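> A structural model of the following input is requested.
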Amino acid sequence: FRQGAIYRLSGISLIDPAAEGAGSIPIQVHGLTLWPDGSVKSALVQFRTDLKAGQERALTVEFGSAVQRKDGAAPGVKVRREGDRWLVNTGAIEVALSSAAFAPPGVVRSATGRRAAIAQGGGITIIGEGGTVYNSATGPLESLKVEREGGFETVLRAEGALHSKEGGKLMRQVSRLRFVAGSAKVELVVTLMNDELEREFTDIRSLSLDLAFPESKEWKAELLTGTGRIEGNDRLSIAQWSERSQEIREGEAKPVTAEGRASGGADLQNGQDRVQFAFKDFWQRWPKALEAKRGGFSVALLPAQEEPLEKALPVHLQFPFVEGHYRTKWGTAFTERMVFDFGAGKTAKPEALSAAFQSPPLVVLPPEYLAATGAFAKIPVIAEERLAHWNAYVEAAMQRFLEHREEARQYGYLNWGDWYGERGRNWGNNEYDIPHGFFMQYLLTGDGKYFDAAVAGVRHQADVDIVHAYPDPFYVGANVQHSIGHSGISYQKVIPKTWTYLYDVASMATNGHTWADGMADCWLLTGDPVVMESLLALGEHIRWAAVPGFTSMGNHHRSAGWSSVAAAATFRATSDPEYLEGLRRIIKLPLEQWDPETGIWPYTLHPGHTGGRTNLTGASVYNMGILLTGIARYHELTGDPRAVTVMDGAASWLLKCWSEERAWPYAALADGSLFRKGLSPGLNPLIYPALAYIGNATGKAEYTRTAEKAFDVTFVRPIDEKLPKDFSIKMYATPWALALFETAKPATAAASPSESEPSTSTPNQP
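Below is the predicted model:
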């Protein structure tokens, strides 16, 4: 919602225009983020509707002071606490959970009065390096609480270490269980976090979750394979050891290895009870395994290896597999998502549950409306030639992105959502925030493939690229830059397998490789709490760890650029004034250190940027563009007139080193002259968006015209995205630039709010 549009969640209703009398639909509403004035910025609206595969349905959201939503929702999920025992009743099932012995999904019974248990969880189990068993049910939780509740759904959040019977502890799990009113489904989201700080790496043999069924004479199981299913009354198992192959076992026969990609679906019939199961991104997040046998079902999040996995893998996929063990670095996490249906009907097919869980219905809002709210980065909506050219480019480049995913084998429980190949050895850690670019393209087009790619990317970042624990708490929350194994060495020349690395200045928010826009988008669009917790950790790291010691940009202007962009995104997702203060403190440095004589922040250029020549003073042009993007984000939020003065001077320098042929060089001298012919058109998208903003802020048409020319020369060449990094560079801010091209008009800095007061309105708001 735009700022000031609505102040109370009860003023939101959902209407089905096709229903008789345009009847309202029962909904549950949760506020996600407020604007600084206290009005609602983003709200999560949940409802039920029937859709067939591929079907669309148009609904209308009404909101405002005159709207009075009728409380027509069905009775919600009921939660009752009895000491350390929690009882959850959806109306279809009753689930008992214990904070003293946490074993998700709990003890499940029918809510219709039949007291025999349908199934019972056995806990989350780790087999340690030496064979010690650690289980979530062996010791007490640290916390169990209601995270979200209402007439439609309730979510419980459980957190605690895994315990051994000998009194030891290992790592920690955070589980979320989602219950829906009137439904027998339980969604389970499990995050495993390595908070072992006595050593850099911890090895384990396996990680699993078990479900037990009451004894019954009637038992039948089906497991979905990549091409069909296996079924029987005896032991069945399927293991996905890579994105290419699976291992299938029926009864006591030897396992059979075959090509295929299993969906992770199961159908279990025990007497009169039928339970179905689905797993999110099962084959994409290999290794995974399912096993069904009379009276039991096991989900192996990391299955025990009979043969060391690394022997069959290329070097860039080997890092978490060591001699038949799973090796996890301190501070790393990963999250798995699954659903149990404890009331599957006689005709229900497990393929349907898997399909719906893997690719759920997607709500699409009109881009014109979204652009008018100002809740996101600027969104281009005018149907003009450049936007059409952009959409065609993204469609083709996205196809290349998906092809590269297959070629580079960008799969696995620590890799899914990221891309590989930076410098020929690094995982990219979503450099340049490609998930943000995907979210923007989804908002523009409503195409679900961009939404899916964005969500996978931010979930990877939230788990793997953010530091969740470290011996020095200074680095907790930091975004690790591109590196071997996501968190190892990132230098130019290193031993290929090097994964060990003690964090340093290259691992803090001023490392020039910190992004938050994609995670902020995800929160505003989905309310995903796993992503939001990581976004908040990053925001805290920026505000309280990185900012106080940030006293020099040196020869690395993007240290202030990307950190300020991330601080602005965190503020956008939360409206927390502390994050705005962090942004102010970052930008204070370039505002004070700007050189009005040259228009830039000059430094001695690295010989690698000058063709080998030494003692030359100038700046990296694309780093300048990133810094100006950060200052622009700051100006959007504060209207500080000093920012316009500085941006105006820097834009003049950008015009001096501009080439009509292919736009900008990699670096230029302080007077704007070029010292070599080589130009870098692939880096233009990191420069022209800020220049377009400066054109709008100053009213100087030459800045906007030059930015438009830079866009044109960037995309005049055939598409040749050798790496996702090339795609990512273009994706981050080009939609912002296209929107600025649309709205370019004279503006004056004098109309901006004062430096000391945050803006109470947003410039891209109608």
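> For the stretch 651-766 of the chain, which segments count as helices?
688-698, 701-715, 724-731, 734-743 (DSSP state H, counting those that start in this stretch).
> Ok, the stretch 451-600 of the chain next?
Counting by DSSP H, counting those that start in this stretch, the helices of the stretch 451-600 of the chain are 517-526, 529-541, 558-574, 577-593.
> lowest-confidence helix or strand of the chain?
One helix or strand of the chain scores below all others by mean pLDDT, DSSP states H and E: strand 24-25, with a mean of 87.
> and it, which strands flank it?
strand 12-15 (antiparallel) (DSSP bridges).
> tell me how far the strand it pairs with is from the chain's mean position?
28 Å (C-alpha atoms, centre = their mean, to the nearest Å).
> Stretch 560-567 too?
Per C-alpha atoms, centre = their mean, the centroid offset for stretch 560-567 relative to its chain is 18 Å.
> go on, stretch 399-414?
For stretch 399-414, the distance to the chain centre is 17 Å (C-alpha atoms, centre = their mean).
> And stretch 218-232, by the same measure?
33 Å.
> Stretch 480-493 now?
20 Å.
> what does the least confident helix or strand of the chain contact?
Ser13, Leu14, Ile15, Asp16, Phe47, Arg48, Thr49, Leu59, Arg69, Lys70, Gly72 (C-beta atoms under 8 Å, 6 or more residues apart in numbering). In this view, the C-beta of every residue, glycine as well, is placed from N, C-alpha and C.
> tell me which of those residues is nearest to Leu538?
Comparing these against Leu538 with C-beta to C-beta places Phe47 closest, at 31.8 Å.
> Not counting residues beside it along the chain, what's closest to that closest one?
Ile27 (4.6 Å; C-beta to C-beta, 6 or more residues apart in numbering).
> same question, Arg69
Ser13 (4.2 Å).
> How about Asn89?
Lys78 (4.5 Å).
> Phi, psi for that neighbour please.
phi -100, psi 130 (degrees, to the nearest 10).
> All further residue positions should be reported with the first residue as 12.
Shifting the count to begin at 12 puts that one at Lys89.
> quick one: it and Thr101, what's the gap?
Distance of Lys89 to Thr101, given as C-beta to C-beta, to the nearest Å: 8 Å.
> Which one's more surrounded, those two?
Taking neighbours as other C-beta atoms under 10 Å, Lys89 and Thr101 compare with Thr101 leading, 24 against 16.
> residue contacts, the more buried one?
Residues in contact with Thr101 (C-beta under 8 Å, 6+ apart) are Val88, Ala122, Phe190, Val191, Ala192, Gly193, Ser194, Ala195.
> at 10 Å what do you get?
86-89, 122, 164-165, 190-197, 353-354 (C-beta atoms under 10 Å, 6 or more residues apart in numbering).
> Just the buried residues out of those, in ChimeraX syntax.
Buried subset of the contacts of Thr101, written as a ChimeraX selection, criterion 16 or more other C-beta atoms under 10 Å:
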select :87,88,89,122,164,165,190,191,192,194,195,196,197,353,354
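> Next step: the contacts of Thr101 restricted to helices.
Taking DSSP state H, every one of the contacts of Thr101 sits outside helices.
> helix, strand or coil for the nearest residue to Pro266 once chain neighbours are set aside?
Excluding the flanking residues, the one nearest Pro266 by C-beta to C-beta, 6+ apart is Arg260, at 4.2 Å. Recorded secondary structure, Arg260: strand (DSSP: H, G, I helix; E, B strand; the rest coil).
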